[in-house]
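*Asks:* Below: sequence and its predicted model.
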Amino acid sequence: MPQPFAAPYPLSRPRRLRRTPALRAMTRETAMTPDNLIWPIFLQAGRDEESAIASMPGVSRLTVDRAVEAAREAHGLGIPAMCLFPYTGPESRTEDCAEAWSDDNLTNTAIRAIKDAVPEMALMTDIALDPYNANGHDGFVVDGEIVNDPTVEALVKMALAQARAGADILGPSDMMDGRIGAIRAALEAEGHGHVAILSYAAKFASAFYGPFRDAVGASGALKGDKKTYQIDPANAEEALRMVGRDLSEGADMVMVKPGLSYLDICARVKEAYGVPTFAYQVSGEYAMIEGAARNGWVDGDRVMMESLLAFRRAGCDGVLTYFAPRAARIMAG
Ligand SMILES: NCc1[nH]cc(CCC(=O)O)c1CC(=O)O
C-alpha cells in the first residue's frame with residue numbers, strides 16, 4: 001500500500017536515510033539468507049565424473065558420488081535443500097516410462113546416497129515423466145495426445161518410489177489435473193504421511209526452460225510443445241486458481257515458475273494464500289545472467305544477488321536457483 005508522505009519537501013528528504021551504509025542497513029526491508037535457497041542439480045550415471053552443460057555455463061551433470069560431495073559442500077554453506085534432476089540418454093527413454101518409478105533409478109539412488117552421507121540436507125524430487133519418456137513429454141502420449149488420468153497413475157508410482165528412497169519433498173512438475181490429490185492419498189495409504197509436497201502449481205508454458213531440456217537430455221526428444229498442460233503466460237487468474245486447487249488437494253507449499261518474468265504471480269500468490277511460496281529461477285534465466293556476465297556485459301555477482309533479492313521482495317519464502325552455492329558464498333561474506 002503506497003503511503004503518502006507525512007511531510008512535504010524539504011521537511012521530508014528521503015535521501016537522508018540513504019546517506020550511509022548504516023542508515024541504509026537499518027531501514028532495509030528485505031533480508032536474504034542461505035535458508036532461502038534450494039539448489040537444483042543434475043545427475044548422470046557413472047562414477048567420479050561430470051559433464052558440462054553447454055547452454056548453462058558453470059553447471060555440470062554430476063555422478064552420484066559427486067552429488068554427495070556437492071551436498072556436503074551445500075550443507076556447509078547453510079543451504080537447507082537440494083532438488084535432483086536425472087539426465088537420461090535415449091537408451092533409458094521408453095514409451096512406458098518404467099524407469100521413472102524404478103527404486104534404483106538415478107534419482108532414487110542419489111537420494112539414498114545423499115541421505116546416508118548428509119542426513120540434514122532436505123531432498124526434493126521432480127515428478128514428471130519427461131526424463132524417461134521417449135517423446136520428451138511430462139505425460140504419456142496416446143495418438144498425439146497427452147493423456148491425463150493414466151499419467152496420474154504413473155506419477156503416483158513415481159512419487160511412492162521417491163518417498164521410499166527417503167525424499168523429504170516431492171515436486172510434481174507435470175501439470176496434470178488431479179495429481180496432487182492422488183499422490184497425497186497414496187502417500188497416506190503407504191505410511192508416508194510426513195512427506196511434503198511442493199507443487200509446481202503455477203507452471204507456465206515457457207521458452208525459458210530451453211537449457212534445462214538440454215541438461216536432462218530432453219531437447220532432441222521433445223515432440224511439439226507443452227501448451228496443452230502448462231499455463232498460458234498470459235494468464236494470472238488461472239495461475240491463482242491452480243494454486244488454490246493444489247492446496248485444496250494436499251500440497252504443503254507452492255511454486256511459481258519461471259521466476260523473474262512472473263514476479264507479479266509470486267506477489268499475488270503470497271498475498272492470496274499466505275502459504276510457503278517458492279519461485280524457480282529457471283535454466284533460461286540462469287543462462288541469460290551467466291551468458292551476459294561471461295561476456296563482460298553485466299556484473300554477474302551483483303545481477304545474480306539483485307535477481308534473488310527480487311524474489312524475496314515479491315514475497316517468496318525461497319528460490320530454486322542454480323546460483324545457490326555461489327549466492328550462499330557471497331552471503332557468507
Ligand atoms: N517437468 C519437467 C521440468 N521440471 C523442471 C523444468 C525446468 C527447469 C528449468 O528450466 O530450469 C522442467 C522442464 C519443462 O517443463 O519442460
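*Replies:* Okay, I see it.
*Asks:* ok, which residues in the chain are in contact with the ligand?
*Replies:* Proximity of the chain to the ligand is confined to 126, 128, 130, 138, 173-174, 209, 212-213, 226, 282-283 under the rule Cβ under 6 Å from any ligand atom. The C-beta positions use only the backbone N, C-alpha and C, and glycine is treated the same way.
*Asks:* how about a cut-off of 8 Å?
*Replies:* Within the chain, the positions lying close to the ligand (Cβ under 8 Å from any ligand atom) are 40, 85, 126, 128, 130-131, 138, 171, 173-174, 200, 203, 206, 208-213, 215-216, 218, 222, 226, 230, 257-258, 280-286, 320, 322.
*Asks:* Restricted to strands, list the residues you listed.
*Replies:* Counted as lying in strands by DSSP state E, out of these, are 40, 85, 200, 203, 257, 280-281, 320.
*Asks:* re earlier: now restrict the residues of the chain next to the ligand to buried residues only.
*Replies:* 40, 85, 126, 128, 130-131, 138, 171, 173-174, 200, 203, 206, 208-213, 215-216, 218, 226, 230, 257-258, 280-286, 320, 322 (16 or more other Cβ atoms under 10 Å).
*Asks:* my guess is residue 200 meets residue 170, correct?
*Replies:* No - using Cβ atoms under 8 Å as the test, residue 200 is too far from residue 170 to be in contact (10.6 Å).
*Asks:* contacting residues around residue 249?
*Replies:* By Cβ atoms under 8 Å, 6 or more residues apart in numbering, the contact set of residue 249 is 178, 180-181, 184.
*Asks:* In PyMOL, select just the buried ones from those residues.
*Replies:* Buried members of the contacts of residue 249, defined by 16+ other Cβ under 10 Å, are picked up in PyMOL with:
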select buried, resi 180+181+184
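*Asks:* Give the other helices and strands that the lowest-mean-pLDDT helix or strand in the chain contacts.
*Replies:* Sorted by mean pLDDT, DSSP states H and E, the helices and strands of the chain end with helix 210-215, the least confident at a mean of 90. Helices and strands touching helix 210-215, by 3 or more Cβ pairs under 8 Å, 6 or more residues apart in numbering; DSSP states H and E, are helix 283-294.
*Asks:* Mutual contacts of residue 200 and residue 170, please.
*Replies:* With Cβ under 8 Å, 6+ apart, residue 200 and residue 170 have no common neighbours.
*Asks:* Could you pull out the strands in the stretch 1-150 of the chain for me?
*Replies:* Using DSSP state E, counting those that start in this stretch, the strands of the stretch 1-150 of the chain run over residues 37-43, 50-52, 60-62, 81-86, 122-124, 141-142, 145-146.
*Asks:* do you know which of those strands lies nearest residue 332?
*Replies:* Among the strands of the stretch 1-150 of the chain, strand 37-43 comes nearest to residue 332, with 12.0 Å by Cβ to Cβ.
*Asks:* what residues are up against residue 289?
*Replies:* Residue 289 sits next to 298, 300, 303-304, 307, 323 when contact means Cβ under 8 Å, 6+ apart.
*Asks:* Quick check: the gap between it and residue 101.
*Replies:* 35 Å (Cβ to Cβ, to the nearest Å).
*Asks:* Same check on residue 226?
*Replies:* Counting by Cβ to Cβ, the gap from residue 226 to residue 101 is 21 Å.
*Asks:* again with residue 196
*Replies:* For residue 196, the distance to residue 101 - Cβ to Cβ - is 20 Å.
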